[in-house]
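[1] model the structure of this input:
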Amino acid sequence: YNLIMDDNDTLASEPLIDNLGTITISGATFLDNYNQSSTPSVISNRGSITINDTIFSHNVARANSTIMNYDNAALSVSESTFTDNNAGIGTTGYNGGAINSSYGPLSVTDCQFHNNAAVNDGGAISTLSGDLTISNSSFTNNASGNDGSAIRLGRGVSSTTTPLENEATGVLSDLTFSGNINLSTYWIDGEPSPNGTIAHSNGQGVIAYFNDGYEDLTIKGSSFSDDVTSWGIISLYSCDNDVDPSLCSEPNYLIDDIEMHNETGSLISASSQGNLTIKNSTLEPDNVYAISAYDMQNISIENTTIIGGSASLRVHDNETACFDNVTIEEADLAFSVYNIGEVEIDELTIRDSHHESRPDYYVGLLTGVDTATLSNVNYYNNAGKMRFSNTRDLTISDSFFCSSKNHALEIGGASGETNATITNTSVCRDIS
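    Got it, this is the predicted structure:
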């Protein structure tokens, strides 16, 4: 197709294009189309569609998305632009302002998503499952009334009596996110959306994954700035509170080569089953968590720098945690790790940090751990101590602890006995 379709007001239950076969759309423009029924404003796909060099702008579906990719259908979109598209109106909710995909494979490459909105989840893209690739694309000023102001992933299973099984793989790479927001009222062209208020508020995540759908999820080579969310710019929750944890899957999350700056809301939040690896990243939170991870199997953080934040690194109630070449600086309560079976730390630097609410208290905490092995820890120029307590077996070697206020290192304390072995380690108080 090479076509322009604009100013269509659809009262029937059909979108502009209803595909059951195999088609290619290239060089097209879909502008100002409005569907008042429960079908997509532009495309319904139950077959296979390839879209290239196409513009989708100001399309509105009252109770659906701009493009709906149904079960087992295949959708590939490249070099296309999605601007000011809406999924849902007022309190009539739907997901995916630009694209909503069920279980079919979805590929998005070299696309721009700007100022799209969904009353429910996924301001730009929402997908339940199915192999997913999103690469070399930008997401700016998109909004959702609930979760995933830019991208929402996962089936959202709230109850089940059978084990959840994931087979799909999701890869999000080389993406740019800026100005995306979870909120209770969104705007179109400077004016409130029709009927004003969205049904939901306090959503989570610029990228949000909830409750089953992917076995492996990778987010890499991407940057985030000036986004707004209530909790977790990247939010990863693999099991709903109402689901028996023994029935939940254990997805593998990889966050690699990520930069986050000037965000409103905690940066990375993960919980409820699964394995999380964060590496080669720079995180700059604004008075919130940089990383909060709990109730999972394994946490690994490698070659990562955290600058600023409050309770910047908080990891707890996991089976194991590993920190390798991690730097935390200029933070309010830099390091908080507790209630974990086994902790391994090598090359951890904490510097120029403090505890705002309790200036004489700790800046780093490790407690309630069965076995902790630390080496090459450099803790200096902090206005407070590093505390180790209630740890059955603690080994510290080749490390340095120095505080600019009170003592630098506390082992034991009021929180329980700790058996410690310390070798080749220096402790000082710098009062200069």
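[2] off-centre distance for stretch 107-125?
    Counting by CA atoms, centre = their mean, to the nearest Å, stretch 107-125 is centred 15 Å from the centre of its parent chain.
[3] could you list the buried residues of that stretch?
    107-109, 111-125 (16 or more other CB atoms under 10 Å). Where you see a C-beta, it was placed from the backbone N, CA and C, and this is true even at glycine.
[4] tell me what the longest strand along the chain is packed against?
    Ordering each strand of the chain by length in residues (DSSP state E) puts strand 362-382 first. The contact analysis (3 or more CB pairs under 8 Å, 6 or more residues apart in numbering; DSSP states H and E) places strand 362-382 against strand 335-351, strand 385-389, strand 393-397, strand 400-403.
[5] okay if I get these as JSON lines plus mean pLDDT?
    Formatted as JSON lines, these follow (pLDDT from 0 to 100):
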{"stretch": "strand 335-351", "mean pLDDT": "95"}
{"stretch": "strand 385-389", "mean pLDDT": "90"}
{"stretch": "strand 393-397", "mean pLDDT": "95"}
{"stretch": "strand 400-403", "mean pLDDT": "90"}
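[6] make a markdown table from the ones you listed and add distance to residue 220 to it.
    What follows is the helices and strands packed on strand 362-382, written out as a markdown table (distance: least, CB to CB, whole Å):
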| stretch | distance to residue 220 |
| --- | --- |
| strand 335-351 | 22 |
| strand 385-389 | 32 |
| strand 393-397 | 33 |
| strand 400-403 | 33 |
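[7] of these, which is nearest residue 148?
    Residue 148 sits nearest to strand 335-351 of all the helices and strands packed on strand 362-382, at 27.2 Å, using CB to CB.
[8] elements contacting that closest one?
    Using 3+ CB pairs under 8 Å, 6+ apart, strand 335-351 sits against strand 313-316, strand 320-329, strand 362-382.
[9] and the angle for that strand with strand 393-397?
    Between the axes of strand 335-351 and strand 393-397, defined by axes from the mean of the first three to the mean of the last three CA atoms, to 10 degrees, the angle is 10 degrees.
[10] quick one: strand 335-351 to strand 320-329, angle?
    Using the same axes, to 10 degrees: strand 335-351 against strand 320-329 is 40 degrees.
[11] could you check the angle strand 362-382 makes with strand 335-351?
    Using the same axes, to 10 degrees: strand 335-351 against strand 362-382 is 0 degrees.
[12] only alpha carbons, please: show strand 335-351 as CSV.
    Provided in CSV are the C-alpha atoms of strand 335-351 (Å, rounded to 0.1, in the frame of the first residue of the first chain):
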residue,chain,number,x,y,z
PHE,A,335,24.1,0.6,50.7
SER,A,336,21.4,-1.5,52.4
VAL,A,337,21.6,-5.3,52.0
TYR,A,338,19.7,-7.6,54.3
ASN,A,339,17.9,-11.0,54.8
ILE,A,340,19.8,-12.8,52.1
GLY,A,341,21.3,-16.4,52.2
GLU,A,342,24.7,-15.7,50.6
VAL,A,343,26.4,-12.4,49.6
GLU,A,344,29.6,-12.0,47.6
ILE,A,345,31.2,-8.6,47.2
ASP,A,346,34.3,-7.8,45.2
GLU,A,347,35.5,-4.2,44.4
LEU,A,348,32.8,-2.2,46.1
THR,A,349,33.4,1.6,46.5
ILE,A,350,31.2,3.8,48.7
ARG,A,351,32.4,7.4,49.1
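[13] what angle separates that strand from strand 385-389?
    Per the same axes, to 10 degrees, the angle that strand 335-351 makes with strand 385-389 is 140 degrees.
[14] list the buried residues of strand 335-351.
    Buried residues in strand 335-351, defined by neighbour count with 16+ other CB under 10 Å: 335-338, 340, 342-343, 345-351.
[15] do stretch 364-381 as well
    Those buried within stretch 364-381 under the rule 16+ other CB under 10 Å are 364-369, 372-375, 377, 379-380.
[16] how about these, which pair is most distant?
    Greatest spacing in the buried residues of stretch 364-381, by CB to CB: 368 and 380 (25.5 Å).
[17] which non-adjacent residue is nearest residue 18?
    Residue nearest to residue 18 in three dimensions, not counting chain neighbours: residue 44, with 4.7 Å by CB to CB, 6 or more residues apart in numbering.
[18] I figured the one you found hits residue 17, correct?
    Yes: contact criterion CB atoms under 8 Å: residue 44 and residue 17 qualify, at 7.1 Å.
[19] more neighbours: which of the two?
    Shown here are residue 44 and residue 17; by other CB atoms under 10 Å, residue 44 has more neighbours (23 against 19).
[20] in the sheet, who's paired with residue 223?
    Beta-bridge partners for residue 223, by DSSP bridges, are residue 176, residue 259.
[21] got a pLDDT number for it?
    With respect to pLDDT, residue 223 scores 97.
[22] is it true that it touches residue 206?
    No: using CB under 8 Å, residue 223 is not in contact with residue 206, being 11.3 Å away.
[23] tell me, what's touching these two both at once?
    Residues touching both residue 223 and residue 206 (CB atoms under 8 Å, 6 or more residues apart in numbering): residue 177.
[24] just to revisit the earlier point, identify the farthest-apart pair in the buried residues of strand 335-351.
    342 and 351 (25.9 Å).
[25] residue 347 reaches residue 325, doesn't it?
    Yes: contact criterion CB under 8 Å: residue 347 and residue 325 qualify, at 4.4 Å.
[26] re the thing from before, compare residue 223 and residue 206 and say which is more crowded by neighbours.
    Just comparing residue 223 and residue 206: by other CB under 10 Å the higher neighbour count belongs to residue 206, 33 against 16.
[27] I'd say residue 69 and residue 107 touch.
    No: using CB under 8 Å, residue 69 is not in contact with residue 107; the gap is 10.6 Å.
[28] shared neighbours, these two?
    Both residue 69 and residue 107 are in contact with residue 75, where contact means CB under 8 Å, 6+ apart.
[29] can you redo the buried residues of strand 335-351 as TSV with distance to residue 73?
    Below are the buried residues of strand 335-351 laid out as TSV (distance: CB to CB, whole Å):
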residue	distance to residue 73
335	47
336	45
337	45
338	46
340	43
342	45
343	46
345	47
346	47
347	48
348	48
349	49
350	50
351	52
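[30] any idea how far residue 354 is from residue 281?
    In this view, residue 281 and residue 354 are 23 Å apart by CB to CB, to the nearest Å.
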